[in-house]
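Asker: sharing a sequence plus its predicted fold:
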Amino acid sequence: MPRFLLAFMIAALAGEASVGGNQEILMVEGWSAKPLAESRVEVSMDLRSTAPKPIRIIEALVYFRDAL
């Protein structure tokens, strides 16, 4: 099961966060996935901001989907 979730994470984290058009404001620089139990995985991400001003608060939503 963790390998299955790992494939989802790779697909989900491959993109960048954007605002408005195609302007990327957050880029994923690195990530890791650590299995906690048979059906649980802890995901950590390193993000780099390209925003013109400092970001103080981020509200995010991540979707995982079966690519097959």
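Answerer: Structure's in. What do you need? Numbers count the residues shown, from 1 in each chain.

Asker: switch to C-alpha atoms for all contacts and neighbour counts from now on
Answerer: Noted.

Asker: please name the strands paired to the helix or strand encompassing residue 29 in the sheet, noting orientation.
Answerer: Element membership of residue 29, judged by DSSP states H and E, is strand 23-37. Pairing partners of strand 23-37, with direction, according to DSSP bridges: strand 17-19 (antiparallel), strand 40-49 (antiparallel).

Asker: roughly how far apart are the residue nearest to residue 50 when sequence neighbours are not counted and residue 61?
Answerer: Nearest residue to residue 50, sequence neighbours excluded (Cα to Cα, 6 or more residues apart in numbering): residue 25, at 4.9 Å. Using Cα to Cα, to the nearest Å, one gets 15 Å for the distance from residue 25 to residue 61.

Asker: of these two, who's got more company?
Answerer: Taking residue 25 and residue 61 together and counting by other Cα atoms under 10 Å, residue 25 has the greater number of neighbours (16 against 5).

Asker: what confidence value was assigned to that one?
Answerer: For residue 25, the pLDDT comes out at 84.

Asker: do you know the pLDDT at residue 36?
Answerer: 90.
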